[in-house]
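Novice: Predicted model follows, preceded by the sequence.
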Amino acid sequence: MDGLTIVPMIDDRHSQELCEMMAELYVEDPPAAGQTTREQFLRTIERLLNQPACGSILLLQVDGKNCGYAILVPYW
């Protein structure tokens, strides 16, 4: 993909847009264990921003516009 940039999310200025992308994912692929809420998304984002040892969020951008994301959580 031309112009693809991967940007670490280091503050909450993209939180609302990220919540929208997260909600779209769960519409396409609903969780088996019930509903997810915008509040859950915001708490997850807040925790990862405030406690980077718990994980990180990467924003995928094309020509400066967010088009995807990755939530990376260490597990072993």
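Specialist: Yep, it's here. Numbering: from 1, shown residues only.
Novice: got any ranges where the chain has weak pLDDT?
Specialist: Residue ranges of the chain with pLDDT under 70: 1-2.
Novice: can we see that at 80?
Specialist: 1-2, 32-34, 76 (pLDDT under 80).
Novice: Show me the helices in it, by range?
Specialist: Using DSSP state H, the helices of the chain run over residues 15-28, 38-50.
Novice: so which of the ones you listed comes closest to Tyr69?
Specialist: Closest of these to Tyr69 is helix 15-28, at 5.8 Å (criterion: Cβ to Cβ). In short, each C-beta sits where N, CA and C put it, glycine included.
Novice: Which elements pack onto that closest one?
Specialist: With contacts taken as 3 or more Cβ pairs under 8 Å, 6 or more residues apart in numbering; DSSP states H and E, helix 15-28 sits against helix 38-50, strand 65-72.
Novice: For Gln51, grab phi and psi.
Specialist: phi -130, psi 70 (degrees, to the nearest 10).
Novice: what's the burial count for it?
Specialist: Number of residues near Gln51 (other Cβ atoms under 10 Å) recorded here: 9.
Novice: One more: the one 5 residues further on?
Specialist: A count of neighbours around Ser56, defined by other Cβ under 10 Å, yields 16.
Novice: right, and it touches Ile10 too?
Specialist: No - using Cβ atoms under 8 Å, Ser56 makes no contact with Ile10, being 9.1 Å away.
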